[in-house]
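Engineer: only geometry, no sequence info:
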Ligand code: PMP
């Protein structure tokens with residue numbers, strides 16, 4: 001049995017001791033962004049107070065030390081996701097930038113009018129709009145696979161949508177709105193059987209599941225540091241070396257070049273090719289600290305605690321009259337989207353906030369998905385390993401109070 005010591009874990013996150021509106025903070029908006037442990041906060045402070053200099057170009061001590069720390073962070077990321085080589089991990093601003101990078105470079109170079117990109121209806125806007133931009137630029141077509149009423153991808157339907165024009169499959173590993181965990185390994189194998197590369201959006205899976213990009217065999221994997229207990233403004237694009245190495249440059253500038261001349265410029269290889277300009281050095285180092293921290297807690301303990309929270313919260317919320325849960329997949333990450341009949345989700349969010357409870361309300365950047373369910377949005381409670389059953393009790397009590405206030 002993994003050791004679950006939530007009280008000890010909570011002490012690692014200073015913000016969890018805050019009060020909001022005179023109540024102890026109950027932070028249930030982890031799918032939007034997770035909180036930061038002291039290990040990350042202190043690492044960033046140490047970097048800026050003792051170690052900062054620009055990387056890669058300096059001969060002086062601090063520059064070399066900062067370069068070492070930045071590249072060590074890349075090694076940590078590669079180890080964490082089990083990439084074959086560190087140069088397969090590109091630091092980006094987040095999942096959004098990572099997807100845009102692939103769309104602009106691989107997409108521009110490999111897609112042509114009439115080519116199809118297979119998505120699912122549960123994608124985040126970050127995994128829709130970059131491809132839509134190619135739709136208008138290159139004349140490619142987006143094909144969208146449906147989900148069941150339970151919010152599970154209809155795999156047979158998905159597979160039927162693969163055709164001779166399908167050039168790319170892009171899908172979320174876990175849905176930020178429904179919690180659904182897609183059977184990524186199986187889907188990737190099916191796509192590969194047709195010779196189609198797969199981009200896996202791991203923005204929501206990476207904080208909950210042990211990710212092994214080689215076992216998944218995805219061609220690209222993207223995630224955001226801030227949902228993984230790391231800083232904002234840093235994310236990762238993993239790509240198989242062969243594929244990344246064949247992609248044209250993204251942004252041009254310093255650090256990504258070998259030699260610049262007005263008669264012709266030559267570029268560096270991976271990973272520098274995709275990291276033009278001064279990168280988010282502190283962000284990368286902070287992200288590595290976050291990954292080390294997550295590993296110190298351990299994925300089995302995280303999974304055990306989150307499974308308990310999800311089961312408990314589902315059972316408790318189901319008791320509330322008029323409450324509907326959206327997303328009933330057999331495999332879910334720890335989040336629950338719900339509505340209460342007769343109450344607008346925004347009112348739910350505002351009332352919960354007055355009790356110090358943070359949830360997200362609205363479309364959660366998945367408007368096409370809610371259209372599928374005939375909704376404009378939901379309230380969403382999303383959990384991390386540091387949440388407790390008592391916090392779920394507080395959520396339920398606040399929702400019951402709100403029901404009495406709003407409904408006859
Ligand atoms: N994909 C999914 C599934 C997400 O949940 C998010 C963030 N809500 C993103 C992509 C985009 O991540 P970011 O805003 O950190 O770039």
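Structural biologist: Nice, thanks for sending it over. Every value quoted in this text rests on a predicted model; they were computed, and no experiment measured them.
Engineer: quick one, phi psi at residue 143?
Structural biologist: The phi/psi pair for residue 143 (degrees, to the nearest 10) reads phi -120, psi 130.
Engineer: er, residue 171 I mean
Structural biologist: Given degrees, to the nearest 10, the pair of backbone angles that residue 171 has is phi -160, psi 160.
Engineer: hang on, it packs against residue 187?
Structural biologist: Yes: in this structure residue 171 lies within contact range of residue 187 using Cβ atoms under 8 Å: 6.9 Å. No exception for glycine: its C-beta is placed from N, CA and C like everyone else's.
Engineer: which residues are common contacts for those two?
Structural biologist: Listed contacts common to residue 171 and residue 187 are 153, 198; contacts here mean Cβ atoms under 8 Å, 6 or more residues apart in numbering.
Engineer: List the buried residues in stretch 325-340.
Structural biologist: 325-327, 329, 332-340 (16 or more other Cβ atoms under 10 Å).
Engineer: Could you work out the end-to-end span of it for me?
Structural biologist: Using Cα to Cα, to the nearest Å, the end-to-end distance of stretch 325-340 comes out at 9 Å.
Engineer: any idea of the mean pLDDT for it?
Structural biologist: For stretch 325-340, mean pLDDT rounds to 98.
Engineer: tell me the SS of residue 330?
Structural biologist: The three-state label given to residue 330 by DSSP: H, G, I helix; E, B strand; the rest coil is coil.
Engineer: helix/strand/coil for the residue nearest the centre of the chain?
Structural biologist: Among the residues of the chain, the one closest to the centroid is residue 203, at 1.1 Å (Cα atoms, centre = their mean). Classification of residue 203 using three-state DSSP returns coil.
Engineer: how near is it to the ligand?
Structural biologist: Residue 203 sits 3 Å away from the ligand, going by Cβ to the nearest ligand atom, to the nearest Å.
Engineer: quick one, what contacts that residue?
Structural biologist: With contact set as Cβ under 8 Å, 6+ apart, residue 203 has these partners: 95, 124, 126, 172, 176, 222, 223, 224, 227.
Engineer: ok, so what distance separates it from residue 284?
Structural biologist: Distance, residue 203 to residue 284, by Cβ to Cβ, to the nearest Å: 17 Å.
Engineer: With residue 226 instead?
Structural biologist: 13 Å.
Engineer: swap in residue 100?
Structural biologist: 19 Å.
Engineer: Please say which of the two ends up with more neighbours.
Structural biologist: Neighbours of residue 100 and residue 284, each counted by other Cβ atoms under 10 Å, are more numerous for residue 284; the result is 29 against 22.
Engineer: so what's the more buried one scoring on pLDDT?
Structural biologist: pLDDT for residue 284: 98.
Engineer: and what of residue 22?
Structural biologist: 98.
Engineer: Number of residues surrounding it?
Structural biologist: For residue 22, using other Cβ under 10 Å, the count is 8.
Engineer: Roughly how far does the closest residue to it other than its chain neighbours sit from residue 290?
Structural biologist: Take residue 22 and drop its neighbours on the chain: the residue closest to it by Cβ to Cβ, 6 or more residues apart in numbering is residue 356, 7.4 Å away. If you measure residue 356 against residue 290 using Cβ to Cβ, the figure is 25 Å.
Engineer: Not counting sequence-adjacent ones, nearest residue to residue 30?
Structural biologist: Counting by Cβ to Cβ, 6+ apart, the residue nearest residue 30 is residue 384, at 4.2 Å.
Engineer: just checking, the one you found is part of a helix?
Structural biologist: No: Residue 384 is assigned coil when assessed by three-state DSSP, not a helix.
Engineer: can you pull the contacts of residue 124?
Structural biologist: Residue 124 sits next to 172, 176, 201, 203, 364, 365, 366 when contact means Cβ under 8 Å, 6+ apart.
Engineer: Quick one: residues contacting the first one.
Structural biologist: In this case it means residue 172. Here residue 172 is in contact with 120, 122, 123, 124, 127, 182, 200, 201, 203, 204, 205 (Cβ under 8 Å, 6+ apart).
Engineer: ok, now residue 76?
Structural biologist: The contact partners of residue 76, taken as Cβ under 8 Å, 6+ apart, are 288, 291, 292.
Engineer: wait, is the second one part of a helix?
Structural biologist: Yes: with three-state DSSP as the criterion, residue 291 is part of a helix.
Engineer: does it really touch residue 234, like I thought?
Structural biologist: No: in this structure residue 291 lies outside contact range of residue 234 using Cβ under 8 Å: 11.3 Å.
Engineer: Kindly report the residues of the stretch 201-350 of the chain close to the ligand.
Structural biologist: Selection of the stretch 201-350 of the chain residues close to the ligand by Cβ under 6 Å from any ligand atom yields 201, 203, 204, 224.
Engineer: and the gap between the nearest residue to the third one once chain neighbours are set aside and residue 217?
Structural biologist: Spelled out, it's residue 204. Excluding its sequence neighbours, the residue lying closest to residue 204 (Cβ to Cβ, 6+ apart) is residue 174, at 4.0 Å. Residue 174 is 18 Å from residue 217, where distance means Cβ to Cβ.
Engineer: neighbour-wise, which of the two wins?
Structural biologist: Neighbour tally, residue 174 and residue 217, criterion other Cβ under 10 Å: the higher count belongs to residue 174, 27 against 16.
Engineer: what are the phi and psi angles of the more buried one?
Structural biologist: Torsion angles, degrees, to the nearest 10, at residue 174: phi -140, psi 140.
Engineer: same thing with the one 4 residues further on?
Structural biologist: The main-chain torsion angles of residue 178 are listed as degrees, to the nearest 10 and equal phi -110, psi -20.
Engineer: does the residue of the chain most remote from its centre sit in a helix or strand, and which one?
Structural biologist: Distance from the centre of the chain peaks at residue 263, with 41.5 Å (Cα atoms, centre = their mean). Residue 263 belongs to no helix or strand when assigned by DSSP states H and E.
Engineer: Perfect, that will be all.
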